[in-house]
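Q: requesting a structural model of the entry that follows:
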Amino acid sequence: MTPKMTIDIWSDLMCPFCFIGKKNLDAALAQFPDRDSLSIEWHSYQLAPDFYPKAGKNAHEVLAEYKNVPVDEARQMNTYVADMAARSGITFDMDRMQWANTFHAHRLLQWAKQYGSVHALEQRLFEAVFCNGENIGTVDTLLAIAGEVGLPVTEATAILNSTAYTEEVRQDIRQSMSLGLRGVPFFLVDNQITFSGAVQPNDFLQVITESFANWRAENPQSISLDGESCGIDGICE
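A: Okay, the predicted model is just below:
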């Protein structure tokens, strides 16, 4: 197997800056000529693992309750992140957003790793929360999204109706703590460079380019040449 440089990402699906960070990272990767030599590894994190929003409240009211601030102040916070998302080319609909506990969504993401579908599933789940007003705290929503990105729904149903991948989620969170995580999105590039936040595409590109140059120097690319020859069986072709 050809070695690849790894970019590890810890994020939570209720974090608007994680969505913006993914968008900016994707923009940087589109400009990086050696994209196929990178492995993007997503990891679970929960900003509010014990928070279960009350039904019937909109995103502004839920944020106000969680932050213990007036609803108008919460609305201003949501407007700020929506404006920031717009500058990265994402249209947030904070009036329709539905807060949810993300634990089961993270379990689904852990399971999806075996199918190579995590990057697509992350994108679709972020869109569900911040663009489409979908509730990713419900099994029905998660199953519908799994099917949309090509994952086997029958298997996903069995996963979500069990406790499977609980330890994987918790292990990711423990690992982030050992790395000194103080906020998400949190990035670990080539197991050496760590940073947090939705940095701009050019900043992502600079870090990736410099890290890749160092990684390539330590992992020189093998060259395979295959020309005509005579085999040891005496057959020349």
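Q: and stretch 99-117, what's buried?
A: Going by neighbour count (16 or more other CB atoms under 10 Å), the buried part of stretch 99-117 is 99-112, 117. To be clear about C-beta, it is placed using only N, CA and C from the backbone, and glycine gets the same treatment.
Q: may I have that stretch exported as PDB, CA atoms only?
A: Coordinates of the C-alpha atoms in stretch 99-117 are reproduced here as PDB (Å, rounded to 0.1, in the frame of the first residue of the first chain):
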ATOM      1  CA  TRP A  99     -30.200  21.400  17.800                       C
ATOM      2  CA  ALA A 100     -29.600  17.800  18.700                       C
ATOM      3  CA  ASN A 101     -27.300  15.600  20.700                       C
ATOM      4  CA  THR A 102     -24.700  14.200  18.200                       C
ATOM      5  CA  PHE A 103     -23.700  11.000  19.900                       C
ATOM      6  CA  HIS A 104     -25.600   8.600  17.600                       C
ATOM      7  CA  ALA A 105     -24.500  10.600  14.500                       C
ATOM      8  CA  HIS A 106     -20.900  10.100  15.600                       C
ATOM      9  CA  ARG A 107     -21.500   6.400  16.000                       C
ATOM     10  CA  LEU A 108     -22.800   6.300  12.400                       C
ATOM     11  CA  LEU A 109     -19.700   8.200  11.300                       C
ATOM     12  CA  GLN A 110     -17.400   5.700  13.000                       C
ATOM     13  CA  TRP A 111     -19.200   2.800  11.300                       C
ATOM     14  CA  ALA A 112     -19.000   4.500   7.900                       C
ATOM     15  CA  LYS A 113     -15.200   4.500   8.000                       C
ATOM     16  CA  GLN A 114     -15.100   0.900   6.700                       C
ATOM     17  CA  TYR A 115     -16.900   2.100   3.500                       C
ATOM     18  CA  GLY A 116     -14.700   5.100   2.900                       C
ATOM     19  CA  SER A 117     -17.800   7.300   3.100                       C
END
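Q: ok, and what's touching it?
A: 12-14, 42, 44, 46, 48-49, 51-53, 59, 62-63, 66, 118, 121-122, 125, 129, 135-139, 142, 146, 149-151, 155-156, 159-160, 164-166, 168-169, 172 (CB atoms under 8 Å, 6 or more residues apart in numbering).
Q: now restrict those to buried residues only.
A: Applying 16+ other CB under 10 Å to the contacts of stretch 99-117 flags 12-14, 42, 44, 46, 53, 59, 62-63, 118, 121-122, 125, 129, 135-137, 142, 146, 149, 151, 156, 159-160, 165, 168-169, 172 as buried.
Q: just the residues you listed: which are in strands?
A: Mapping the buried ones among the contacts of stretch 99-117 onto strands (DSSP state E) picks out 42, 44.
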